[in-house]
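Novice: got a sequence here, can you build the structure:
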Amino acid sequence: MKPKNLDDILEKANELNFKMSCDIETGQLLRVLASSKRKGIFLELGTGAGASTTWILDGMDTSSRLISVEMDESIQNIARSVINDERVQFVTVDGGIFIEESKGKKFDFIFADTWPGKFYYLEETLTMVTSGGFYIIDDLNPIDSWTAGHEDKVKNLIRTMRSLEDFQIVELNWSTGLLIATRK
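Specialist: Presented below is the predicted three-dimensional model:
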């Protein structure tokens with residue numbers, strides 16, 4: 001079953017020609033992982049139009065809170081206009097700035113779906129994951145629209161994640177290609 005508001009978000013995203021919303025498989029996984037974090041503090045880096053936001057919220061309990069960060073206000077406004085949920089706080093700022101300003105904060109669940117927190121500011125983002133918390137990234141399988149050098153960025157990211165001693169990771173060659181890490 002799809003979350004409430006997902007179809008509206010995808011329709012409005014399509015009107016703005018925004019094609020980067022998470023797919024159903026990734027969304028379902030986010031929902032399941034979110035449901036394991038009771039009274040959790042969640043962070044989404046890259047709201048986009050809010051598709052993944054709806055999946056995360058659908059898994060969260062009523063005591064959990066989500067901060068969703070996006071630098072493109074016109075795209076994030078889709079999520080703001082469609083999602084009416086007191087558990088989410090939308091922040092419009094570059095993810096790198098948010099990460100810099102959030103040093104010392106801890107999250108039980110981080111979905112890094114944009115470059116800050118994934119390809120740069122990775123170390124700073126990983127320090128924000130609580131013990132037993134999740135760090136989730138997607139879009140790791142190659143696609144035709146990748147620019148020159150992007151595949152190397154992905155390979156370096158995966159190599160870095162494999163080398164971490166304080167996280168357990170699983171790589172999923174499924175959906176768009178995911179990696180889930182949990183702090184030991």
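Novice: burial of L6, as a residue count?
Specialist: 20 (other C-beta atoms under 10 Å). All C-beta spots, glycine's among them, are computed from the backbone N, C-alpha and C.
Novice: do the same with M1
Specialist: By other C-beta under 10 Å, 6 other residues sit near M1.
Novice: repeat for S64
Specialist: S64 has 21 neighbouring residues, counting by other C-beta under 10 Å.
Novice: residues contacting it?
Specialist: Contact partners of S64, counting by C-beta atoms under 8 Å, 6 or more residues apart in numbering, are A34, K37, R38, K39, G40, I41, F42, R87.
Novice: repeat that with 10 Å
Specialist: With contacts defined as C-beta atoms under 10 Å, 6 or more residues apart in numbering, the neighbours of S64 are 34-35, 37-42, 56-57, 87-88, 108-109.
Novice: and for N84?
Specialist: Applying C-beta under 10 Å, 6+ apart to N84 gives the contacts K4, N5.
Novice: longest strand of the chain?
Specialist: Once the chain is assigned using DSSP state E, the strand that runs over the most residues is strand 129-137.
Novice: avg pLDDT for the following helix or strand past that strand?
Specialist: Counting by DSSP states H and E, the element after strand 129-137 in chain order, helix or strand, is helix 150-163. Across helix 150-163, pLDDT averages out at 94.
Novice: buried ones in helix 150-163, by neighbour count?
Specialist: The neighbour-count criterion (16 or more other C-beta atoms under 10 Å) identifies V154, L157, I158, M161 as the buried residues of helix 150-163.
Novice: same question, stretch 136-155
Specialist: By neighbour count, and taking 16+ other C-beta under 10 Å as the criterion, the buried residues in stretch 136-155 are I136, I137, D138, D139, L140, V154.
Novice: what's the answer for stretch 76-86, then?
Specialist: Residues of stretch 76-86 classed as buried by neighbour count (16+ other C-beta under 10 Å): Q76, N77, I78, A79, R80, V82, I83.
Novice: and the residue of the chain positioned farthest from its centre, its phi and psi?
Specialist: Of all residues in the chain, the one whose C-alpha sits farthest from the chain's mean C-alpha position, using C-alpha atoms, centre = their mean, is A148 at 23.8 Å. Dihedral angles of A148 (phi, psi; degrees, to the nearest 10) stand at phi -60, psi 130.
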